[in-house]
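Trainee: Here is my input, please return the structure:
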Amino acid sequence: MRLFLRRTLLLLCLSAAGLSHAACESGLAERMHAKLYPNRALDERLAACKPWPAFPGRSIVVLPVPRETSSTGAKVFDLELLLIQRPDNGNTERDTVIGRVFQPEALDEDSATAIQDIRIDTSRYVLSADTRAFGLRVRYKSTAPGSSAASETIRLYVHHGSKLRQVLQEVELDHDSGEWDSTCTGRFEKLRTMLSVGKSASNGYADLQLSRTLVQSHAQMQEDQGCTEKALPARFSNVTLRYDGERYRVPKSLQQQQMP
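Mentor: Predicted coordinates:
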């Protein structure tokens with residue numbers, strides 16, 4: 001059981017890291033960083049770039065700019081999100097920023113939680129006839145001894161005029177967690193969420209639907225069967241997020257949870 005959980009979490013982490021690591025091979029993030037923040041460091045491991053297929057010639061760039069690490073080992077990141085219009089002839093000197101937003105202290109990690117990767121999600125988030133959103137997915141992992149945990153969150157942004165605007169704050173979609181003793185006894189939890197655009201609308205933007213599945217299990221030592229695991233019945237829930245004119249209202253229970 002312990003081996004299976006560790007292997008599952010590792011595969012999830014590695015697959016996410018691979019998607020992110022190859023995202024900025026074109027050097028677009030580095031060029032934008034050098035132009036906009038020549039005096040600040042860029043965390044190239046977390047930087048992300050992706051063409052936006054819905055809009056030919058446009059690319060989304062995420063620049064994580066770390067602040068100084070505190071005495072407790074915590075690290076805080078400012079985020080710069082850019083929407084770039086790229087020329088048809090491939091002349092990188094003519095890349096033009098057509099939308100941007102700077103978010104101070106948007107991400108943080110500490111001695112117990114690390115940011116594993118940042119990915120850009122260009123799924124079909126059509127919020128209105130003339131508004132399409134893109135997502136920013138962040139994957140976290142626990143570094144605390146005695147437990148394994150990983151989670152993935154999403155935020156949504158829209159392009160408005162010369163700016164990018166966040167319309168959905170960070171919402172936890174998935175998580176895997178487990179705690180056990182040195183022999184067998186432990187508890188494990190897996191959450192999976194599907195985010196989709198609903199048919200109804202509120203204040204001009206389509207409602208968002210979250211379809212969630214939670215599976216919990218526990219393991220314990222049985223005298224006659226050894227270490228056994230028992231899964232509880234899966235729990236299903238659906239949540240509707242409605243736009244209030246500025247952003248989608250998110251219940252506190254759906255926001256990112258602190259990992260052990």
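
Trainee: the helices in the chain, which residues?
Mentor: Using DSSP state H, the helices of the chain run over 2-21, 28-36.

Trainee: rank those by mean pLDDT and give me the bottom one.
Mentor: Ranked by mean pLDDT, these end with helix 2-21 at the bottom, a mean of 40.

Trainee: Tell me, how many residues neighbour K190?
Mentor: With neighbours defined by other C-beta atoms under 10 Å, the count for K190 comes to 18. All C-beta spots, glycine's among them, are computed from the backbone N, C-alpha and C.

Trainee: residue contacts, the closest residue to it other than its chain neighbours?
Mentor: Distances taken as C-beta to C-beta, 6 or more residues apart in numbering place V215 nearest to K190, at 4.8 Å, with adjacent residues excluded. For V215, the contact set (C-beta atoms under 8 Å, 6 or more residues apart in numbering) comprises 189-191, 231-232, 234-235.

Trainee: ok, now with 10 Å
Mentor: By C-beta atoms under 10 Å, 6 or more residues apart in numbering, the contact list for V215 reads 176, 188-192, 231-235.

Trainee: mind putting those in JSON lines, pLDDT included?
Mentor: Listed next are the contacts of V215 as JSON lines, based on pLDDT from 0 to 100:
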{"residue": "D176", "pLDDT": "91"}
{"residue": "F188", "pLDDT": "89"}
{"residue": "E189", "pLDDT": "91"}
{"residue": "K190", "pLDDT": "92"}
{"residue": "L191", "pLDDT": "94"}
{"residue": "R192", "pLDDT": "95"}
{"residue": "A231", "pLDDT": "87"}
{"residue": "L232", "pLDDT": "90"}
{"residue": "P233", "pLDDT": "93"}
{"residue": "A234", "pLDDT": "93"}
{"residue": "R235", "pLDDT": "94"}
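
Trainee: Just the buried subset of these, please.
Mentor: The neighbour count (16 or more other C-beta atoms under 10 Å) marks 176, 188-191 as buried among the contacts of V215.

Trainee: Any regions of this protein where pLDDT drops low?
Mentor: Applying pLDDT under 70 to the chain picks out residues 1-25, 69-73, 90, 145-147, 256-260.

Trainee: I appreciate the help and will end here.
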